[in-house]
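**Q** Please find the sequence and the predicted model below.
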Amino acid sequence: MDLVLNLASLAIASGVLQNASPYMINPVRRQSRPQRLDLKNYRGDGIRPIRPYVAPQPYRQGRVRCLFIGINYTGTSSELRGCQNDVQTMLNTMHQIQFPISEACILVDNPQFPNYGGLPTKANIVAHMQWLVHDVRPGDVLFFHYSGHGTTVQGGKDSEEKEDVALVPLDYEDRGTIIDDDIYNLLVRDLPAGVRLTALFDCCHSGSMLDLPFSFVGGMNVSYNNSLHMQQIRRNNFSHGDVWMVSGCADHQTSADVVDSASLGGMRGAAGGAATMALSHILINTRSLNTAQIVLEMRDVLRQRKFTQVPQLSSSKPADLYKPFSLFGPIEMNAQMTQLVPQEFLAPVGFVPPPPQGFQPPPPQGYPPQGYPPPQGYPPQQAMGYPPTQFDQRPTMYPPPQGYPPQGYPPQGYPPQGYPPPQGYPPQGYPPPQPGSFGFQY
């Protein structure tokens, strides 16, 4: 059974859990293995995305696409309470950190939901996954969020695992689940270099939902004092794109719902997924964390509230976990592990797709000093803003602009000596958080 904790009486400042009362809900048990998807039977070309808000600083180097899915399974024996709220929470979070969404789609089992885009049936989920990655180009930024049931199925002949994990669409009893092998093919396999995808799966059995080749090492007790690195967990499923996946738990675990998400910064009295609430809390309340700190902070938030689930992190490339976390740009790789990636999936030396350097959520008012970020001159005036009035009227070479990159690119000697930034950066007055504190108090 999934464990759902009542956190309404949680004292946030002290991190003390008082009067937690668990109750049981019915999870989706192991399912029969569905037939592999024939993607020709699913079309995403008629989808009409929306822009949920206008960010004050637009992203001018490509498109920022998002897909949000929340399934409560209302009226069924597998009903959940907080998955639609998770979608609203993540939208509110993106708005608050000024993540510059240019187009988004929302699938929830509630037609009254703001900007409702359709029911999260198997066909709709697959079609919208196809929309998310359709015609992506270097510089595009993608974000995928799923909150609902996850389950396990028997591993197939083409699978490296004895069990595969799967998403549970609204109509799974009739149409079956969506297994990780197909999700990888849909979202990851064909991404071109220079495209960034970040995915959050807040569901049970989600640790390897994208079947990525590299995973963060360590369980719940790993701390920042340990040597932190990725490990290779499979020898296939590479991608030219840069993919981060955060999951609510390991493959053998369940993810909890919180009865009152106010304890993690959500709406008072509203249920919500623990992993969604934890990540949202961190994105809003911290600045300048590195990638390892993001994962460890999520685990700390849940551990302090007596959850047993262990959020997982996986990636398409062996990331350097001590590099700053961002929703933009390429994965900065651990130099000692690059030999584990086939040469065809490594970007040319000096290749840097065009996300804004240093873009991050705005800091609290008054910090850092006025004028930082962004640096003067950003974004460059000649960059084309997105989205244009008609997508198909954009220049056929966008991005990049005509004549770029120049012949012979990358030039010899690039990147210049001294890059990454020289000592003394970031400027004084904008220190990174001290190890163990990660930028905010509970």
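**A** Arrived safely.
**Q** What ranges does the protein have for its helices?
**A** For the chain, the helices defined by DSSP state H cover 83-96, 122-133, 172-175, 180-187, 274-285, 291-304.
**Q** which residues are contacting the fourth one?
**A** Okay, so that is helix 180-187. 36-37, 39, 126, 129-130, 132-133, 144, 156, 158-159, 164-167, 197, 199, 208-212, 237, 243 (CB atoms under 8 Å, 6 or more residues apart in numbering). Heads up, the C-betas are built off the backbone N, CA and C, glycines and all.
**Q** average model confidence for it?
**A** Averaging the model's pLDDT scores along helix 180-187 yields 95.
**Q** circling back to that earlier point, buried only: go through the contacts of helix 180-187 for me.
**A** Buried residues within the contacts of helix 180-187, counting neighbours by 16 or more other CB atoms under 10 Å: 37, 126, 129-130, 132-133, 144, 159, 164-167, 197, 199, 208-212, 237, 243.
**Q** Which of those fall within strands?
**A** Using DSSP state E, the members of the buried ones among the contacts of helix 180-187 that fall within strands are 144, 164-167, 197, 199, 243.
**Q** now, among those residues, which is nearest to residue 271?
**A** Residue 271 lies nearest to residue 167 out of those, by CB to CB, at 19.8 Å.
**Q** which ones are touching the residue nearest to that closest one when sequence neighbours are not counted?
**A** Nearest residue to residue 167 in three dimensions, chain neighbours excluded: residue 178, at 4.5 Å (CB to CB, 6 or more residues apart in numbering). By CB under 8 Å, 6+ apart, the residues touching residue 178 are 34, 37, 122, 125-126, 166-167, 169.
**Q** what about residue 141, neighbour count?
**A** Using other CB atoms under 10 Å, residue 141 has 28 neighbouring residues.
**Q** so what's it bridging to?
**A** In this entry, residue 141 is beta-bridged to residue 64, residue 196, by DSSP bridges.
**Q** With only the CA atoms kept, save stretch 192-203 in CSV.
**A** C-alpha atoms of stretch 192-203 as CSV (Å, rounded to 0.1, in the frame of the first residue of the first chain):
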residue,chain,number,x,y,z
PRO,A,192,19.3,16.5,-31.2
ALA,A,193,22.4,18.1,-29.6
GLY,A,194,21.8,21.4,-27.9
VAL,A,195,18.3,20.5,-26.6
ARG,A,196,17.8,20.4,-22.9
LEU,A,197,15.0,18.2,-21.2
THR,A,198,14.3,18.2,-17.5
ALA,A,199,11.7,15.7,-16.3
LEU,A,200,10.0,15.1,-12.9
PHE,A,201,8.1,11.9,-12.2
ASP,A,202,6.2,12.1,-9.0
CYS,A,203,4.9,8.6,-8.9
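**Q** In that stretch, which of the residues would be classed as buried?
**A** So stretch 192-203, judged by 16+ other CB under 10 Å, has buried residues 193-203.
**Q** try stretch 107-117
**A** In stretch 107-117, residues buried by neighbour count (16+ other CB under 10 Å) are 107-109, 113, 117.
**Q** what's the answer for stretch 92-104, then?
**A** 92-94, 99-104.
**Q** Let me have those residues in TSV, extended by distance to residue 332 and pLDDT.
**A** As requested, the buried residues of stretch 92-104 are exported to TSV (distance: CB to CB, whole Å; pLDDT from 0 to 100):
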residue	distance to residue 332	pLDDT
92	29	95
93	24	95
94	23	97
99	20	97
100	22	97
101	24	98
102	25	96
103	27	97
104	27	98
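**Q** These into JSON lines, with extra columns for distance to residue 306?
**A** Converted to JSON lines, those look like this (distance: CB to CB, whole Å):
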{"residue": "92", "distance to residue 306": "26"}
{"residue": "93", "distance to residue 306": "24"}
{"residue": "94", "distance to residue 306": "28"}
{"residue": "99", "distance to residue 306": "31"}
{"residue": "100", "distance to residue 306": "37"}
{"residue": "101", "distance to residue 306": "34"}
{"residue": "102", "distance to residue 306": "40"}
{"residue": "103", "distance to residue 306": "39"}
{"residue": "104", "distance to residue 306": "34"}
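**Q** Would you mind listing where the stretch 251-400 of the chain has pLDDT under the threshold?
**A** Scanning the stretch 251-400 of the chain for pLDDT under 70 picks out 259-269, 347-400.
**Q** could you redo the last one with a cut-off of 50?
**A** Scanning the stretch 251-400 of the chain for pLDDT under 50 picks out the ranges 349-351, 354-400.
**Q** so residue 71 makes contact with residue 83?
**A** Yes. At 5.3 Å, residue 71 and residue 83 qualify as touching, with contact defined as CB atoms under 8 Å.
**Q** where do the contact lists of these two overlap?
**A** The contact lists of residue 71 and residue 83 share 108, 147-148, where a contact means CB under 8 Å, 6+ apart.
**Q** ok, these vs residue 252, which is closest?
**A** In terms of CB to CB, no member of the shared contacts of residue 71 and residue 83 lies closer to residue 252 than residue 148, at 18.7 Å.
**Q** number of nearby residues for the closest one?
**A** Residue 148: 30 neighbours (other CB under 10 Å).
**Q** Surely it and residue 71 touch.
**A** Yes. Shown here, residue 148 and residue 71 form a contact pair, counting by CB under 8 Å, at 3.6 Å.
**Q** Now list whatever residues contact both of those two.
**A** With CB under 8 Å, 6+ apart, residue 148 and residue 71 have common neighbours 80, 83, 120, 168.
**Q** which two from the residues you listed end up farthest apart in space?
**A** Greatest spatial distance among the shared contacts of residue 148 and residue 71 (CB to CB): 80 and 120, at 12.1 Å.
**Q** pretty sure residue 288 is touching residue 326, no?
**A** No. In this structure, residue 288 is not within contact of residue 326 by CB under 8 Å, at 10.1 Å.
**Q** More neighbours: those two, which one.
**A** residue 326 (21 against 18).
**Q** about what we covered before: return the member of the buried residues of stretch 92-104 nearest to residue 283.
**A** Closest to residue 283, out of all of those and judged by CB to CB, is residue 93, at 5.5 Å.
**Q** Check the spacing between the closest one and residue 275 real quick.
**A** 13 Å (CB to CB, to the nearest Å).
**Q** just residue 106 next, same as before
**A** 19 Å.
**Q** Which of the helices of the chain sits closest to residue 343?
**A** helix 180-187 (20.9 Å).
**Q** got the angle for that closest one vs strand 163-167?
**A** 50 degrees (axes from the mean of the first three to the mean of the last three CA atoms, to 10 degrees).
**Q** Can you list the buried residues in helix 180-187?
**A** Within helix 180-187, judged by 16+ other CB under 10 Å, the buried ones are 180-187.
**Q** Adding distance to residue 257, write those out as CSV.
**A** What follows is those, written out as CSV (distance: CB to CB, whole Å):
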residue, distance to residue 257
180, 22
181, 27
182, 26
183, 22
184, 27
185, 30
186, 26
187, 25
